[in-house]
Each structure stands twice: as structure tokens, then as C-alpha cells.
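S.K.: how would this look folded up:
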Amino acid sequence: PHYTYTTVNSAMLIVGLSGGIACGKSTVSALLQEAGLPVIDCDALAHESTKKGSWGYRRIFQKFGQDILLNDGEIDREALGRLVFSNASARKQLNAAVHLPVALTLLKRLCWCWMTSHWTVVVDMPLLFETGMYRFMRPSVAVWCPQEVQVSRLMVRNSMTREDALSRVNSQIPTDRKKTLADIVLDNSGTLQDLKPQVDELVVKLKRKGVVWKALTSPVGLLACIMTGWLLLR
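M.R.: Numbering: from 1, shown residues only. So this is what the prediction gives:
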């Protein structure tokens with residue numbers, strides 16, 4: 001992909017990754033991990049942040065009550081998913097309950113990545129563009145394919161009717177809209193063989209960005225600068 005973007009003088013490069021349903025975001029995420037880039041999966045963070053007894057769990061329970069709990073008291077995620085998919089108001093309530101606990105967990109993970117000297121971190125966030133979080137991550141990456149391809153893949157992958165697949169696709173921000181908001185667009189309308197070279201090119205450019213500055217702003221780099229200054233001033 002051809003792109004330009006500006007990174008701030010920060011301690012790490014935080015890359016936002018997203019895409020519409022059945023666009024191949026998970027495939028790109030896996031390829032980035034294989035290439036050695038740390039990936040923070042916000043879906044996994046959401047599960048972690050809403051386990052029984054957690055702050056996120058209590059916030060969801062306050063919104064939806066006993067109806068979305070399993071017999072063991074854990075959240076029935078399938079039932080909750082069906083509810084919010086068909087009810088925009090419930091979806092908004094769920095997002096309001098979950099986003100803050102997930103954001104705090106994400107912040108802790110990012111701090112840990114910085115402390116362990118990772119210069120580039122990918123944040124795999126399904127609602128990157130819906131929540132406006134793409135504004136705080138540079139670059140933001142959208143995995144894109146035409147709507148008709150999304151529908152076809154959903155019909156095969158999830159054994160859905162065309163109507164159900166189209167309804168699921170239309171419940172999200174259109175991929176063409178995400179395409180205009182993103183700094184980088186990966187075209188996954190073809191095969192894995194078509195996608196992989198784009199991801200390889202992205203990895204090279206991300207690893208190249210600001211390595212020296214980020215090394216200096218890492219905990220080890222900062223300590224080295226302090227020690228060097230102390231030795232020079234002795």
C-alpha cells in the first residue's frame with residue numbers, strides 16, 4: 001500500500017488495526033504476529049475485563065440484569081450478542097458499560113509493552129473507527145474488501161442466508177467509510193497470496209519508523225542516557 005502519515009514524538013508507535021466483518025482483520029493480525037510485532041487483541045481484553053466479579057462485569061450486570069447470565073453467574077455472551085445485534089439501544093448501553101474497563105486494561109498493556117522495550121505495538125480493535133479511537137493511533141489500518149465479498153464470505157463461513165449476512169454487514173460502519181478514515185488500507189478482496197505481500201510491506205515500514213528515537217525513549221534507553229550524562233559530568 002502507498003501511504004504517508006506523521007508520527008508524534010512518542011515512546012512507541014501504536015498502530016490501530018480494524019476492518020469490517022469477514023474482511024480478514026484476524027488474518028492480518030495473525031500475519032503481523034508471525035512477523036514479530038506484538039498485537040493487543042481488544043476482543044480478548046473485553047473478555048478479560050468482563051469476567052465474573054470484575055468491574056466490567058458489574059457494569060454490564062447493572063445495565064442488563066440476570067437475563068444475560070449463565071447458571072454459573074458468568075455472562076452469556078451469545079445471548080448478549082444476539083440482544084445487542086438486534087437492538088441499537090442495547091448495543092449503545094453495552095458499549096458504554098464496556099469501553100472504560102477495556103480502555104484501562106489496554107492502557108496497562110501498552111505501558112507493559114513500553115517497559116519491555118517494544119517500539120511498535122498493534123492494537124487490534126474491532127470498533128476502532130466507530131469509537132473514534134483511530135484518532136489516537138498512528139497509523140490506523142483498515143482491512144478492506146467490497147461489501148459483496150463480505151456477504152459471500154459470511155454465507156460460507158457462518159452458514160448464513162444472504163439476508164442474514166447482509167443484515168450483519170449493514171449493522172456496522174460501511175467498509176468504504178472506514179477506508180476513507182484509515183491512514184493505510186489493506187485490500188483483502190482477493191486471496192491470501194494477494195494479501196500477504198501488502199502485510200509484509202507494512203511490517204517493514206512499521207519496523208523502520210523511528211527506531212533510534214524509540215530506543216532512546218525506552219526505559220533502557222532513558223537509563224543509558226542518564227548514565228552517559230552522569231559520566232560526562234563527573
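S.K.: Arg177: neighbour count?
M.R.: When neighbours are defined as other CB atoms under 10 Å, Arg177 has 14 of them. (Each C-beta comes from the backbone N, C-alpha and C, glycine too.)
S.K.: tell me the contacts of Asn71?
M.R.: The contact partners of Asn71, taken as CB atoms under 8 Å, 6 or more residues apart in numbering, number zero.
S.K.: Equivalent analysis for Ala90, please.
M.R.: For Ala90, the contact set (CB under 8 Å, 6+ apart) comprises 64, 83-84.
S.K.: export the residues you listed to CSV and tack on neighbour count and pLDDT?
M.R.: Putting the contacts of Ala90 into CSV (neighbours: other CB atoms under 10 Å; pLDDT from 0 to 100) gives the following:
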residue, neighbour count, pLDDT
Phe64, 20, 93
Leu83, 17, 87
Val84, 19, 86
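S.K.: what bits of the chain have low per-residue confidence?
M.R.: 1-11, 209-234 (pLDDT under 70).
S.K.: in it, which spans are helices?
M.R.: 25-34, 42-49, 55-64, 77-86, 88-115, 147-157, 162-170, 175-181, 192-208, 211-217, 219-233 (DSSP state H).
S.K.: and these as a markdown table, adding distance to Met133?
M.R.: Converted to a markdown table, those look like this (distance: least, CB to CB, whole Å):
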| stretch | distance to Met133 |
| --- | --- |
| helix 25-34 | 15 |
| helix 42-49 | 9 |
| helix 55-64 | 17 |
| helix 77-86 | 19 |
| helix 88-115 | 9 |
| helix 147-157 | 22 |
| helix 162-170 | 21 |
| helix 175-181 | 11 |
| helix 192-208 | 18 |
| helix 211-217 | 21 |
| helix 219-233 | 25 |
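S.K.: Ser140 is nearest to which of these?
M.R.: With CB to CB as the measure, helix 175-181 is the member of the helices of the chain nearest Ser140 (7.1 Å).
S.K.: now that closest one, how far from the centre of its chain.
M.R.: How far helix 175-181 lies from its chain's middle: 16 Å, per CA atoms, centre = their mean, to the nearest Å.
S.K.: can you check stretch 158-167 too?
M.R.: With CA atoms, centre = their mean as the basis, the distance from the averaged C-alpha position of stretch 158-167 to the chain average is 25 Å.
S.K.: May I ask you to name the longest strand in the protein?
M.R.: strand 13-19 (DSSP state E).
S.K.: Pull up the pairing partners for that strand, direction included.
M.R.: Paired neighbours of strand 13-19 in the sheet (DSSP bridges): strand 120-124 (parallel), strand 140-144 (parallel).
S.K.: Leu186: what's it in contact with?
M.R.: 1, 19, 24, 28, 141-144, 195, 198-199, 202.
S.K.: can I get the contacts of Ala90 in JSON lines with distance to Asp76?
M.R.: Putting the contacts of Ala90 into JSON lines (distance: CB to CB, whole Å) gives the following:
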{"residue": "Phe64", "distance to Asp76": "10"}
{"residue": "Leu83", "distance to Asp76": "10"}
{"residue": "Val84", "distance to Asp76": "12"}
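S.K.: Quickly name whichever of those is closest to Met12.
M.R.: For these, the nearest to Met12 is Val84 (32.7 Å; CB to CB).
S.K.: Render the CA-only coordinates of stretch 119-135 in PDB, please.
M.R.: The C-alpha atoms that make up stretch 119-135 are tabulated as PDB, following Å, rounded to 0.1, in the frame of the first residue of the first chain:
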ATOM      1  CA  TRP A 119       8.800   0.200  19.800                       C
ATOM      2  CA  THR A 120       5.800  -0.800  17.700                       C
ATOM      3  CA  VAL A 121       2.600  -2.200  19.000                       C
ATOM      4  CA  VAL A 122      -0.500  -3.200  17.100                       C
ATOM      5  CA  VAL A 123      -3.900  -2.700  18.700                       C
ATOM      6  CA  ASP A 124      -6.500  -5.000  17.100                       C
ATOM      7  CA  MET A 125      -9.700  -3.100  17.800                       C
ATOM      8  CA  PRO A 126     -13.000  -4.100  16.100                       C
ATOM      9  CA  LEU A 127     -14.600  -0.700  16.800                       C
ATOM     10  CA  LEU A 128     -11.500   1.400  16.100                       C
ATOM     11  CA  PHE A 129     -13.400   3.700  13.700                       C
ATOM     12  CA  GLU A 130     -16.800   3.600  15.400                       C
ATOM     13  CA  THR A 131     -15.400   4.800  18.700                       C
ATOM     14  CA  GLY A 132     -13.100   7.400  17.200                       C
ATOM     15  CA  MET A 133     -10.000   5.700  18.700                       C
ATOM     16  CA  TYR A 134      -8.300   5.800  15.300                       C
ATOM     17  CA  ARG A 135      -7.600   9.500  16.000                       C
END
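S.K.: Brilliant, that's me finished.
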